[in-house]
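[1] Predicted model and sequence below, questions to follow.
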Amino acid sequence: MNKEILIERLKSLGFKEYESKVLIVLLGGNPLSASDIAKEAKIIRNSIYDILKSFVEKGYCNEIETNTILNYQIIDPAVILDKITSDYKKSFRKRMDSLTETFSELQTIYKAESAKVE
């Protein structure tokens, strides 16, 4: 599949453009340094560190420490999918709980106001 199409699809799923580019570069499978990733993804080097830190924290890639440099390697995309799916489900449940709670309160107000009219 075309990289540009993949980038657009990842963006539609919530990834930022630079994150999408980094993810695609990491999919090459080989451990890479931050500067190599930035170069291959064609993004400014300063941006790469925050993206890689975020990916490591989210469990999307591993940080591999060598004697001189940190390298990064993607984990299995199926595992990343599971992590994202789990996050989406948690977020959805929280929103549904909030929706239910809010409309329960609105219903109480509605009933109280309706009783005043009668």
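    Thanks, I have it.
[2] Run through the helices of the protein in chain order.
    3-12, 17-26, 34-41, 45-58, 77-117 (DSSP state H).
[3] Nearest to residue 69, out of these?
    Of all the helices of the chain, helix 34-41 sits nearest to residue 69, with 8.3 Å by Cβ to Cβ. Where C-beta positions appear, they are placed from N, C-alpha and C, glycine not excepted.
[4] Quick one: mean pLDDT for that closest one?
    Regarding helix 34-41, the rounded mean pLDDT is 94.
[5] Next, the buried residues of it.
    Buried residues in helix 34-41, counting neighbours by 16 or more other Cβ atoms under 10 Å, are found at 34, 36-38, 41.
[6] Could you single out the nearest of these to residue 55?
    Using Cβ to Cβ, residue 37 is the member of those that lies nearest residue 55, at 10.2 Å.
[7] nearest spatial neighbour of the closest one, skipping sequence neighbours?
    Among residues not flanking residue 37 along the chain, residue 25 sits closest, at 5.3 Å (Cβ to Cβ, 6 or more residues apart in numbering).
[8] Okay, the residue minimising distance to the centre of the chain and residue 55: tell me how far apart.
    Centroid-nearest residue in the chain, with Cα atoms, centre = their mean: residue 15, separated by 5.7 Å. Here residue 15 is placed at a distance of 10 Å from residue 55 (Cβ to Cβ, to the nearest Å).
[9] Quick check: neighbours shared by those two?
    residue 23 (Cβ atoms under 8 Å, 6 or more residues apart in numbering).
[10] if we can go back for a sec, select, out of the helices of the chain, the one closest to residue 70.
    For residue 70, the closest of these is helix 34-41, at 6.8 Å, according to Cβ to Cβ.
[11] so what secondary structure elements neighbour that closest one?
    helix 17-26, helix 45-58, strand 70-74 (3 or more Cβ pairs under 8 Å, 6 or more residues apart in numbering; DSSP states H and E).
[12] Extract the C-alpha trace of that helix and format it as PDB.
    The C-alpha trace of helix 34-41 is given here as PDB (Å, rounded to 0.1, in the frame of the first residue of the first chain):
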ATOM      1  CA  ALA A  34      16.300   8.500  16.600                       C
ATOM      2  CA  SER A  35      18.400  10.400  14.100                       C
ATOM      3  CA  ASP A  36      18.000   7.500  11.500                       C
ATOM      4  CA  ILE A  37      14.300   7.400  12.100                       C
ATOM      5  CA  ALA A  38      14.000  11.200  11.700                       C
ATOM      6  CA  LYS A  39      16.100  11.100   8.500                       C
ATOM      7  CA  GLU A  40      14.100   8.200   7.000                       C
ATOM      8  CA  ALA A  41      10.700   9.700   8.000                       C
END
